[in-house]
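# Give the three-dimensional model of this entry:
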Amino acid sequence: MIPMVYDVIVVGAGPAGSAAAAECARLGLSTLCIEEHGTIGYPVQCAGLLSTAAFAECRVTERSVLNRVSGARVISGRGSVLSIDAGTTKAVVVDRGILDRDMAEAAADAGAEFRLKTGVCERGETS
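Numbering: from 1, shown residues only. Got it, this is the predicted structure:
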């Protein structure tokens, strides 16, 4: 039976929502994460460039990593070029749909429940 009362309800199953749901579930709190869309990770909400530190905080495998970035080329409006080579990976390009789903799966594995096609209509106060 699905409880109707939760310690925590997280709105949105993007990376921040799934990370919050996972942490709450790991702490032993009954956690529900609601997502307005029918599929986690769709529609994609951003390009998917993350620093290596930010990606490590996602706590998922590298399945979503499409490319590694160690430098950049910046070109001004006048055509001047500035090339930067860090020599080591500083960022990763990820498939956001896969990343979002992997993070939600990790949260579910930690004990969080998910409801798709669910939105918030109003917020109520209880004592």
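
# rest of the way, CA atoms for contacts and neighbours
Fine.

# Residue 83 in helix, strand or coil?
strand (DSSP: H, G, I helix; E, B strand; the rest coil).

# same question for the longest helix belonging to the chain, mean pLDDT?
If you go by DSSP state H, the chain has its longest helix at helix 96-110. The average of the pLDDT scores along helix 96-110 is 97.

# Begin at 311 from now on, thanks
OK, 311 is where the count begins now, so the last one is helix 406-420.

# For residue 375, what are phi and psi?
Main-chain dihedrals, residue 375, degrees, to the nearest 10: phi -70, psi 120.

# Leaving out chain neighbours, which residue sits closest to it?
Setting aside the residues directly before and after it, residue 375 is nearest to residue 404 in space (Cα to Cα, 6 or more residues apart in numbering), at 4.4 Å.

# what's near enough to touch that neighbour?
358, 359, 360, 374, 375, 376, 377 (Cα atoms under 8 Å, 6 or more residues apart in numbering).

# Using a markdown table, lay out those together with secondary structure.
Converted to a markdown table, the contacts of residue 404 look like this (three-state DSSP):
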| residue | secondary structure |
| --- | --- |
| 358 | coil |
| 359 | strand |
| 360 | strand |
| 374 | helix |
| 375 | strand |
| 376 | strand |
| 377 | strand |
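
# Now list the buried members of these.
With neighbours counted using 16 or more other Cα atoms under 10 Å, these contain these buried positions: 358, 359, 360, 374, 375.

# residue ranges of the helices in the chain, please?
With DSSP H as the criterion, the chain has helices spanning 325-336, 362-367, 406-420.

# Closest one to residue 390 out of the contacts of residue 404, please.
Of all the contacts of residue 404, residue 390 sits closest to residue 359, with 24.2 Å by Cα to Cα.

# just checking, that closest one touches residue 405?
No. The pair residue 359 / residue 405 is not scored as a contact, 9.2 Å apart, by Cα atoms under 8 Å.
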